[in-house]
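K.L.:
Okay, sequence plus prediction incoming.
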Amino acid sequence: MRRSSIITIIILILVIICLIVALVVTNLGKNDEEKEITISENKESLKNNEEEKEEPVNVSLDSQVVKDMYELLNHQIFHYFKKGYITAETLSDDYIQTIAYYKEAKNHVEEITLENSPNISGRLDKKYMDEAVKKIFGDIEYEPTGALYQDGVYEITYDANDGVYYRGSGFGGASNFGTYTAITKVEEYSDKYIVTEKLVSVELDYQTPIGIFNVYSYYGIHFQYAGYLGVLRENEIENLKVNHEMYSTDEKGKKIISLYYDDATEYKHTFVKNEDGSFYWQKTEIVK
């Protein structure tokens, strides 16, 4: 056999060996990658199954946790949407600061009088708004703007030059439209609370009848009915009984919600638990 033929055969053998090695290595790499994906998927599936299997503990409606949640949720913005859900990411900066202001930061407003600005009646250091936002919404970012008295009208406005919020004056008035809410159930998990809440809306005509509605959207003067439930008079409300377990600080509201319990708008709120036992709001969704 010629020497050139032998060299050719050897080269072919080496090429074949290289191809075989490359194929084996590629398959091993794919197998390792597939194994990693499978393991990751299994871990995620196991995590989801564990969450589904976790049995929540029903929290007493007389507990301080429920009272604190009711006090926080008793602001219209948490109910100001039509369908689906809201989170801190879907809320505007104005709404985030409005909730934080009325629920926490308002207590830190300093009363002031400015000769050149007679319409200014108070100031609020930004640090108090930061603290309030973190307590209610967790670690989120927001752009300082102000807190609304009602849509389009600010009670406090942020001044970037001074780094403080200034409160205006002359706010007042009343509306013939309002809402009643009550917490009907609180479930505690290892990392969160799930809160069930009922809501009915009322419209007064100042001649004693009260129109009762369930509602998908309400804040300030803007609202949208989801359905008409009926009409009540004051003496009829007085004679109503609370036939369902719920927590609310408004006895009239509890009676009306109890009467329209099955037809009332129902919300589910999710609160995330902190390591120190406190909690912050994460999401609200309309159940029906």
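P.N.:
Structure received.
K.L.:
Give me the distance between V133 and A182.
P.N.:
Distance, V133 to A182, using Cβ to Cβ, to the nearest Å: 27 Å. Every residue, glycine included, has its C-beta placed from N, CA and C.
K.L.:
who does E285 bridge with?
P.N.:
On the basis of DSSP bridges, E285 is bridged to Y85, K268.
K.L.:
Contact partners for it?
P.N.:
Each residue near E285 by Cβ atoms under 8 Å, 6 or more residues apart in numbering is listed here: 84-86, 267-268.
K.L.:
any idea how far it is from T87?
P.N.:
10 Å.
K.L.:
still on that earlier bit, make a markdown table out of the contacts of E285 and add pLDDT.
P.N.:
Shown next, in a markdown table, are the contacts of E285 (pLDDT from 0 to 100):
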| residue | pLDDT |
| --- | --- |
| G84 | 82 |
| Y85 | 90 |
| I86 | 92 |
| Y267 | 94 |
| K268 | 97 |
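K.L.:
so can I have TSV of those residues showing distance to E238 and neighbour count?
P.N.:
Shown next, in TSV, are these (distance: Cβ to Cβ, whole Å; neighbours: other Cβ atoms under 10 Å):
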residue	distance to E238	neighbour count
G84	37	9
Y85	37	14
I86	35	19
Y267	27	22
K268	31	16
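K.L.:
Just to check, T181 is in contact with L72?
P.N.:
No. T181 is beyond contact range of L72, at 11.4 Å (criterion: Cβ atoms under 8 Å).
K.L.:
Of those two, give the one with the bigger neighbour count.
P.N.:
The residue with more neighbours, out of T181 and L72, is T181; 28 against 20, by other Cβ atoms under 10 Å.
K.L.:
How about the secondary structure of that one?
P.N.:
State at T181, reduced to three classes by DSSP: H, G, I helix; E, B strand; the rest coil: strand.
K.L.:
Now it. Nearest residue, chain neighbours left out?
P.N.:
L199 (4.8 Å; Cβ to Cβ, 6 or more residues apart in numbering).
K.L.:
Residues in a beta bridge with that neighbour, which ones?
P.N.:
Under the criterion used (DSSP bridges), L199 bridges to T181, T265.
K.L.:
Counting neighbours, what do you get for it?
P.N.:
L199, neighbours per other Cβ under 10 Å, totals 24.
K.L.:
how about the strands of the stretch 51-200 of the chain, start to end?
P.N.:
With strands called from DSSP state E, counting those that start in this stretch, the stretch 51-200 of the chain shows them at 57-58, 85-87, 110-111, 122-125, 146-150, 153-159, 164-167, 177-188, 192-204.
K.L.:
Out of those, which is closest to L19?
P.N.:
Proximity to L19 (Cβ to Cβ) singles out strand 85-87 among the strands of the stretch 51-200 of the chain, at 54.1 Å.
K.L.:
gap between V231 and A264?
P.N.:
V231 is 16 Å from A264, by Cβ to Cβ.
K.L.:
And the two? Which one has more around it.
P.N.:
In this view V231 and A264 are compared by other Cβ under 10 Å, and A264 has more residues nearby, 26 against 12.
K.L.:
got a pLDDT number for the closest residue to the more buried one other than its chain neighbours?
P.N.:
In this structure, A264 finds its nearest non-sequential neighbour in K198, 4.3 Å apart by Cβ to Cβ, 6+ apart. Note on K198: pLDDT of 94.
K.L.:
ok now do K198, which residues does it touch?
P.N.:
181-182, 184, 246, 257, 261, 264-267.
K.L.:
how about 7 Å then?
P.N.:
By Cβ atoms under 7 Å, 6 or more residues apart in numbering, the residues touching K198 are 181-182, 184, 246, 257, 261, 264, 266.
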